[in-house]
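Undergrad: quick check, what structure comes out for this input:
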Amino acid sequence: MQLVINSAGTYITQKDGLFRLQNKDKRFDVSPLKIESIVICNQAMITTQAITTAMENNIDIVFLNGYGDPIGRIWFAKMGSTALIRRKQLEIAEDKKGLELITDMIRQKIENQAGFLKKLMYARPGREELFDNPLKNINSALSGLSTIAESIEDARNSIMGFEGTAGRAYFQCLGKIMPEKYKFKGRSRQPAKDPFNAVLNYCYGILYGRIEKACILAGLDPYVGFLHTDNYNKKSMVFDFIEPFRIFAEQTTVYLFTGKKIKGEYFRATDNAVSLNDKGKPVVVDAMNNHMEETVRYRRKNVKRKYIPQHEAHRLANILLADEKEKRPEWLEIEEF
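TA: Predicted structure coming up:
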């Protein structure tokens, strides 16, 4: 379970080995054995005793800003990583193996987009024309990934170009099927220009925390990526590794709007930005957590979505350590996402 603190003024301490959460309205205790991580989304107070209990139980504490982006994290000191995994990660960041891995990640991301649009199309008989051109553009981008240049720098530019083409088609299509009040024209990141993107950015923020944790627990260096180039304090591997899993945040967001669970009172708007307010954040957090708790088919097993990033992070670490002559394992295989 991910414990999400989104009520301002919440006080988090430890009592008899349990976490105690208290604010002016209520109080409850929860066992650390039931918690995977603690996410603090708003003004809250946490004691050193509670932090120590979290660390002793390998529970990370994540702090999010008002947009839902992780801005800080407290980790257990023993991360279980190895120097060899990180050395291999550095070695292949600038060679063909790294290119193959990031191409697989982006391919899976685009295939997820196409699959989700088809699912939405089948649920809307008579409106197929809204999906035809976007799906053609996405399939064209997928074909383009098979013709990546040999040069590392040229390949990076090509991959990002095909990814961008697919993404524009995908989000423009999603914008057209939203309820009339919430239609939008495309992606807007920070700041969001409309309610849909405000919710999506917040869901991505929650997902980033899970992906970063998966990378570190698998021994991967969050700062050494294959597509997103290194920069000071830029978590390039997290930006790479999240790509196949963005669909989880996108599905949550789409279903919130198409299921008419979003209200105008959940947002605050200025001249240049739209963001979730304190009424909207708990609704989105609950929806995202419920989506991650659902069971899907993954590698011929029934697995909750929340466990898949961790499984794949360990697989990526094993790929990095594998002998060059061994067959490279196929990437993400979610039969039903």
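
Undergrad: what about the helices in the stretch 151-300 of the chain?
TA: Using DSSP state H, counting those that start in this stretch, the helices assigned to the stretch 151-300 of the chain run over residues 152-177, 195-217, 236-241, 246-258, 280-293.

Undergrad: out of these, deepest packed?
TA: Among the helices of the stretch 151-300 of the chain, the stretch with the highest mean neighbour count (mean count of other C-beta atoms under 10 Å) is helix 195-217, at a mean of 24. C-beta coordinates here come from the backbone N, C-alpha and C atoms, glycine included.

Undergrad: pLDDT averaged over it - what is it?
TA: When the per-residue pLDDT values of helix 195-217 are averaged, the result is 91.

Undergrad: so what does that helix touch, helix or strand wise?
TA: Packing contacts for helix 195-217, counted by 3 or more C-beta pairs under 8 Å, 6 or more residues apart in numbering; DSSP states H and E, involve strand 37-40, strand 60-64, strand 70-74, helix 236-241, helix 246-258, strand 274-276, helix 280-293, helix 308-321.

Undergrad: distance from the chain centre to that helix, please.
TA: In terms of C-alpha atoms, centre = their mean, to the nearest Å, the centre of helix 195-217 is set 4 Å apart from its chain centre.

Undergrad: got the angle between that helix and helix 246-258?
TA: Relative orientation of helix 195-217 versus helix 246-258 (axes from the mean of the first three to the mean of the last three C-alpha atoms, to 10 degrees): 150 degrees.

Undergrad: I'd like the helices of the stretch 151-300 of the chain written out as CSV, with distance to Ala141 added.
TA: Shown next, in CSV, are those (distance: least, C-beta to C-beta, whole Å):
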stretch, distance to Ala141
helix 152-177, 4
helix 195-217, 20
helix 236-241, 18
helix 246-258, 15
helix 280-293, 26
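
Undergrad: those helices: which one's closest to Ala50?
TA: Ranking the helices of the stretch 151-300 of the chain by their distance to Ala50 (criterion: C-beta to C-beta) puts helix 195-217 first, at 18.2 Å.

Undergrad: quick one, that closest one and helix 280-293 angle?
TA: Regarding helix 195-217 and helix 280-293, their directions subtend 50 degrees when assessed with the same axes, to 10 degrees.

Undergrad: what angle do helix 195-217 and strand 60-64 make?
TA: 150 degrees.

Undergrad: just the CA trace of helix 195-217, in CSV.
TA: Extracted in CSV, the C-alpha atoms of helix 195-217 (Å, rounded to 0.1, in the frame of the first residue of the first chain):
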residue,chain,number,x,y,z
PRO,A,195,-8.0,20.4,-16.5
PHE,A,196,-7.1,17.2,-18.4
ASN,A,197,-3.4,18.0,-18.5
ALA,A,198,-3.5,19.2,-14.8
VAL,A,199,-4.8,15.7,-13.8
LEU,A,200,-2.4,13.9,-16.2
ASN,A,201,0.6,15.8,-14.9
TYR,A,202,-0.4,15.0,-11.3
CYS,A,203,-0.8,11.3,-12.2
TYR,A,204,2.6,11.3,-13.9
GLY,A,205,4.1,12.8,-10.7
ILE,A,206,2.8,10.0,-8.6
LEU,A,207,4.1,7.5,-11.2
TYR,A,208,7.5,9.1,-11.3
GLY,A,209,7.9,8.3,-7.5
ARG,A,210,7.1,4.6,-8.1
ILE,A,211,9.5,4.4,-11.1
GLU,A,212,12.4,6.1,-9.3
LYS,A,213,11.9,3.7,-6.4
ALA,A,214,11.8,0.7,-8.8
CYS,A,215,15.1,1.8,-10.4
ILE,A,216,17.0,2.3,-7.1
LEU,A,217,15.8,-1.0,-5.6
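
Undergrad: nearest spatial neighbour of Asn272, skipping sequence neighbours?
TA: Here the nearest residue to Asn272 in space, its sequence neighbours aside, is Pro191; by C-beta to C-beta, 6 or more residues apart in numbering that works out to 6.3 Å.

Undergrad: picking up where we left off before, looking at the helices of the stretch 151-300 of the chain, which is closest to Lys109?
TA: Once C-beta to C-beta is applied to the helices of the stretch 151-300 of the chain, the stretch that comes out nearest is helix 246-258, at 6.2 Å.

Undergrad: Glu128 is in contact with Met121, isn't it?
TA: Yes: counting by C-beta atoms under 8 Å, Glu128 touches Met121, with 5.9 Å between them.
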